[in-house]
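Visitor: Here is my input; please provide its structure:
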Amino acid sequence: MPEDKYAYLILSLLYLLAWLVVYLKNPWKKGMVRVCAVGGIMGVLAEVWYFQDYWRPPTLLGVGIVGIEDYIIGFALFGVGGYIHSSFTRQEIDFDRQTPAKNRDLFYLWLIGCASLTVFSFILKIHSGYVTFLTFVLLSVYIWIQRPDLIYPSIISGLATLIITLVIYYLNFQILFPHFWDTYGMLDAPILGTKIIGIPLSEILWHSSWAMLCSMFRGYRNGVYYIQRT
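Guide: Numbers count the residues shown, from 1 in each chain. Model prediction:
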């Protein structure tokens, strides 16, 4: 069995493999790479909230220390969740229909998400697992209300990412590191630690709700609409 310090790295690389599959099928490769580069930074910053009450994973640098693994998985998850829809469905951009860009609105949503995690997790001491899932869902609903046409790609992306997550997590945390979450997770709160085929429910909810949300960023920010390819 590999040493525990490689558990998070292997997880990140498995997601990077999924990212590569999405990338090869995606028509907007340059844009995808740029978005994912920012996503990597967000993966690092996210540990500000998650190290306090969610998990303290081993990295190549030590337990509970931010490492290259955080950047890799942030990079990969922005790509998989954000672009899997455009890679594997028959929808394409409708160039005859477009609304003004909403870069500022998307930035405000990002600020709201960060504020939500900070206030409810740090100040009110609500477990970040609950806060993250509810924040992702509520922000998704907010975009759905404004852009009902994005509900379909959002749900499809969430379900597809859920399947990918189940496969990756089963390989990593059932076969290679079955003790990982009992050793390095902090999921004793109700529901969060409930396991499905050895995978914490909180992780299933996190990844699927994240994909639901980030799959809409491009369409919402750029005012892009999609049509079915013939």
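Visitor: for this structure, what helix or strand is lowest in average pLDDT?
Guide: strand 91-98 (a mean of 73; mean pLDDT, DSSP states H and E).
Visitor: Format the CA atom coordinates belonging to the following helix or strand past that one as PDB.
Guide: Downstream of strand 91-98, the next assigned helix or strand under DSSP states H and E is helix 103-116. Presented in PDB, the C-alpha positions along helix 103-116 are these (Å, rounded to 0.1, in the frame of the first residue of the first chain):
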ATOM      1  CA  ASN A 103     -18.600  39.800 -14.900                       C
ATOM      2  CA  ARG A 104     -19.400  42.100 -12.000                       C
ATOM      3  CA  ASP A 105     -22.400  40.000 -11.000                       C
ATOM      4  CA  LEU A 106     -20.300  36.800 -11.000                       C
ATOM      5  CA  PHE A 107     -17.700  38.500  -8.900                       C
ATOM      6  CA  TYR A 108     -20.400  39.500  -6.400                       C
ATOM      7  CA  LEU A 109     -21.500  35.900  -6.200                       C
ATOM      8  CA  TRP A 110     -18.000  34.900  -5.500                       C
ATOM      9  CA  LEU A 111     -17.800  37.400  -2.700                       C
ATOM     10  CA  ILE A 112     -21.100  36.200  -1.300                       C
ATOM     11  CA  GLY A 113     -19.800  32.600  -1.300                       C
ATOM     12  CA  CYS A 114     -16.600  33.600   0.600                       C
ATOM     13  CA  ALA A 115     -18.600  35.700   3.000                       C
ATOM     14  CA  SER A 116     -21.000  32.900   3.700                       C
END
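Visitor: just checking, what packs against helix 103-116?
Guide: Packed against helix 103-116 by the contact rule (3 or more Cβ pairs under 8 Å, 6 or more residues apart in numbering; DSSP states H and E) you find helix 128-146, helix 217-222. Just so you know, the C-beta spots here come from the backbone N, C-alpha and C atoms, and that holds for glycine as well.
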